[in-house]
Structures are given as structure tokens and as C-alpha cells.
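> Fold the stuff below for me.
(one chain, ligands or ions: 1)
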Amino acid sequence: MTATRPPFVPAVDPPAAADQPAWWFVFHGTDILVAENDDGTAVVSCLPDLTDLGLTGVRRQFLGRFGAAPCWSVELAVGAAAPPGMAFQGLRGLYGRLADDLYAVAGRASQIVAWDRDHQFCGRCGNPTEIASAERARRCPSCGLTAFPRLSPAIIVLIEKCDQILMARGRGFPERFFGIIAGFVEAGETLEEAVRREVREEVGLEIADVRYQGSQPWPFPHALMIGFTARYASGEIQIQESELADAGWFGVDDLPRIPSKLSIARRLVDAWAARHGRTLADA
Ligand SMILES: [Zn+2]
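Numbering: from 1, shown residues only. Below is the predicted model:
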């Protein structure tokens, strides 16, 4: 879903006065407040102030602007009720229902809300932190420790062998649902090392030609997915049973149920299918 707003421009220092409608990305836990339309689409509130909805947050952060319109993230108190005609919804379920630009800012907002809530006190000395100026950070006035919004880089890799790709079903995935190999980058590792290690650990294979394909913020709660393709080099599939229930090679005509278009995993699979002259139906 596309929109006709000017592009979002991130910023840290808030406007001096609330003299025009602003976009309010309001969270209760990990759910965001939206108004739902009859056609299934949803939208976040655009109002001069949050009090126009009868709400006050426990914390707010200025995010940036769509054109002249400011954008704010807000965390509501536990137990807060949605105003009439609105509802709290999980971000995953809003993909394709919120306009793409609002969805992207909602993902950013959810990460900033979580970081702001989780860094009220210094992790080193325990004193209350303060919002820094001119950068997105909380700083400890006592010891000087600075906490930036946390990002956890994770690799995800589509492995090709002749005309097939490796797909794997995680423990806890629904019966027919398969994804591709992914995992968090460890301290001290390059992205390429993380790709080779995860593949070795999860399916016992060696790979070659590890190539970067793109990345995606993944706000569940604060990952950055970094997508790669690779070629099978050697080995037989041996699944890591603590992580995976099943894994195998699949051709374009016999794919299992694949990830939704929300994920970079799906983009990697779609690009591979397109190289084989296929367009895959929505999951
Ligand atoms: Zn401190």
C-alpha cells in the first residue's frame, strides 16, 4: 500500500510548538493504536495533540516528520483503554493494512519505545538516565554511560543447489510452514562468518559464494535482518534438533508454505523464483 505523503525524514530535536496535526504512533505494550476502516485498511492518528483522543502517555519521543507534520512515538500506561472506534493491534498483522510509509515508521517507533522504556536507568551504575540532545540516546549524568537504541544484527541466507533451495522448518513453526536459515550475529564475527556458522550449525552443510542481497529492519523487537544468497558446496543435511524440526531441498514447483511478503526471506525466495521464470502466489 503506497501513500502520497512526502517521505519520512528522521529527526531528534522536537518542534517548539504543537501548532499543526502530528502523526501519533501510540503503543500499549507491543501493540499500536490504529483506527480500522471498513475495507480492512488501518491508519494511525493524525491530530494536533494526543489529548484530543483523551490519552496521555507515560513517555514520548519525537521521531521526525512527514513533510511539515511531526511524528511522535508514545508509550501508554499498562491497562490503558483504546478510544472508541480504535484498537491496539500487533505490527505483524498490520502489514499490508497500514500504508507502507506509516508501517515503516511504526516499526521504527516500536523500537524506540522499547529502548526508551528499557533504558530509564543506567546499566552500569543504576542511576536514572536522561535524554541526550542532538542524538537519539539516553545518558547517565552520574557515570556518563550512553545508551543508544539497540539493534541486533541477524543474517538470513537462501542456499541454492542446482535448481533447488534449502528450506527449513523451525521448532514451533506450523506443520507445513518453512523458512530459510537465519540467526543472530555473534560478537567478534563478520557477517559472512555468521552465515557460514549458522548454516553449519543448523543443517551441517558447507557453502560457497556468500553474497549480500539487501537488508530489512525487523522490529520484533529490534533485529536488523541482513540477507544473503549462497551456493551449496558440500555435506549432507543434518538438522540441529534443538532449533529445527525439518529441512530439505525444494524446487520451484514443489515449494512448501513459504514466508509472507512481509519478510526479507520471502523477497529472497521471490527473486530466486523469478530467475526461474515464476511469480509465487501470496502465502
Ligand atoms: Zn551510570
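> Going by C-alpha atoms from here, please, whenever you check contacts or count neighbours.
Fine.
> Tell me the pLDDT of A134.
You'll see A134 listed with a pLDDT of 88.
> again, but for E175
pLDDT for E175: 77.
> Same check on M1?
At M1, the pLDDT value in this model is 67.
> Now stretch 41-61: average pLDDT?
93.
> just how off-centre is that stretch within its chain?
22 Å (CA atoms, centre = their mean, to the nearest Å).
> Report the distance from stretch 238-256 to the chain centre.
24 Å.
> got the phi/psi numbers for E193?
phi -60, psi -40 (degrees, to the nearest 10).
> Setting the sequence-adjacent residues aside, check what's closest to the residue nearest the centre of the chain.
When CA atoms, centre = their mean is applied to the chain, the residue found nearest the centroid is W218 (1.7 Å). Once flanking residues are discounted, W218 sits nearest to L224: 5.5 Å by CA to CA, 6 or more residues apart in numbering.
> Which parts of the helix or strand where the one you found lies count as buried, going by neighbours?
Assessed by DSSP states H and E, L224 sits inside strand 223-234. By neighbour count on 16 or more other CA atoms under 10 Å, the buried set for strand 223-234 is 223-232.
> cool, and stretch 141-159?
By neighbour count on 16+ other CA under 10 Å, the buried set for stretch 141-159 is 146-147, 149, 153-159.
> can I get these in CSV with distance to S242?
Shown next, in CSV, are the buried residues of stretch 141-159 (distance: CA to CA, whole Å):
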residue, distance to S242
T146, 36
A147, 33
P149, 30
P153, 22
A154, 19
I155, 19
I156, 18
V157, 19
L158, 21
I159, 21
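> Now render these as a markdown table, adding distance to C122, secondary structure and pLDDT.
Below are the buried residues of stretch 141-159 laid out as a markdown table (distance: CA to CA, whole Å; DSSP: H, G, I helix; E, B strand; the rest coil; pLDDT from 0 to 100):
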| residue | distance to C122 | secondary structure | pLDDT |
| --- | --- | --- | --- |
| T146 | 8 | strand | 97 |
| A147 | 8 | strand | 97 |
| P149 | 14 | coil | 95 |
| P153 | 23 | strand | 98 |
| A154 | 26 | strand | 98 |
| I155 | 30 | strand | 98 |
| I156 | 33 | strand | 98 |
| V157 | 36 | strand | 98 |
| L158 | 40 | strand | 98 |
| I159 | 42 | strand | 98 |
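> Sort out which one of the residues you listed lies nearest the ion for me.
Checking the buried residues of stretch 141-159 against the ion by CA to the ion gives T146 as the nearest, at 8.4 Å.
> hang on, the closest one packs against S133?
No: taking CA atoms under 8 Å as the definition, T146 is not a contact partner of S133, at 11.8 Å.
> Does P14 touch A69 like I think?
No: proximity of P14 to A69 does not meet the contact threshold set by CA under 8 Å, at 11.4 Å.
> more crowded one of those two?
A direct count of neighbours by other CA atoms under 10 Å for P14 and A69 places A69 higher, at 21 against 15.
> got the contact list for the residue lying closest to the more buried one once chain neighbours are set aside?
Leaving out its chain neighbours, the residue that sits closest to A69 by CA to CA, 6+ apart is A22, at 5.2 Å. Neighbouring residues of A22 by CA atoms under 8 Å, 6 or more residues apart in numbering: 46-49, 69-72.
> and if we set it to 6 Å?
The neighbours of A22, taking CA atoms under 6 Å, 6 or more residues apart in numbering as the test, are 46-48, 69-71.
> a markdown table for those residues, including secondary structure and distance to the ion?
Listed next are the contacts of A22 as a markdown table, based on DSSP: H, G, I helix; E, B strand; the rest coil; distance: CA to the ion, whole Å:
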| residue | secondary structure | distance to the ion |
| --- | --- | --- |
| C46 | strand | 37 |
| L47 | strand | 37 |
| P48 | coil | 36 |
| A69 | strand | 35 |
| P70 | strand | 32 |
| C71 | strand | 30 |
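> Please consider this matter closed, and thank you.
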